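> Quick one: sequence plus predicted model below, questions after.
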Amino acid sequence: MTPATPLDCVLGLLRTIEAGGGAVALSPFLAEDYVLTEAPHLLGPEGSTRTRDQVLAGAEHSGEVVSGQRFEVQRTTSEGGRVVVEAEWSATAQMDLPYWDKGETIRARTASVFEVLEGRIVRQHSYDCYYPPRQA
């Protein structure tokens, strides 16, 4: 059996998120020293840096915030252990959020840079640009 490529690992993570995977489902994709850095965006204007444990804890409760997460991958670039994914992300709000009401669809254009080592993601830098909610 051929080992998974870094791109396979990253796309596997995205598909697992889409399937509603919690900590147990996501943990095989993330190295013990995994770090997620998010650039400032509409819902997190200060940006954030989270450890693997923080990300997995959040995954356990993400269904309380959004459901039906979908990544429509537009383009990928992979060189060595570095994978860049550009995607259209969407989800349904499960609670009222600062710019969306419960039941509305949230959409964002995302670009993420992943570093994969020995079949697990060690680092992720995400740049999310949220589309404004539709006006009635």
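Now that the structure is in, tell me what you want to look at.
> contacting residues for residue 41?
By CB atoms under 8 Å, 6 or more residues apart in numbering, the residues touching residue 41 are 47, 108, 127-130. In short, each C-beta sits where N, CA and C put it, glycine included.
> for this protein, which helix is longest?
Assignment by DSSP state H gives helix 6-18 as the longest helix of the chain.
> contact partners of that helix?
4, 25-26, 29-30, 59, 69-71, 73, 76, 78, 80-83, 85, 87, 114, 116, 119-121.
> Which of those residues are buried? Put it as a PyMOL command.
Command for PyMOL that selects the buried part of those, burial taken from 16 or more other CB atoms under 10 Å:
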select buried, resi 26+29+30+59+69+71+78+81+83+85+87+114+116+120+121
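> Which ones among the contacts of helix 6-18 lie within strands?
30, 69-71, 73, 76, 78, 82-83, 85, 87, 114, 116, 120-121 (DSSP state E).
> Tell me both backbone torsions, phi and psi, for residue 81.
Dihedral pair for residue 81: phi -90, psi 10, per degrees, to the nearest 10.
> With residue 35 as the reference, measure out to it.
Per CB to CB, to the nearest Å, residue 81 is found 15 Å from residue 35.
> Can you check the pLDDT for the residue nearest to residue 25 when sequence neighbours are not counted?
By the measure of CB to CB, 6 or more residues apart in numbering, the closest residue to residue 25 outside its immediate chain neighbours is residue 16, 5.1 Å from it. At residue 16, the predicted lDDT confidence score is 96.
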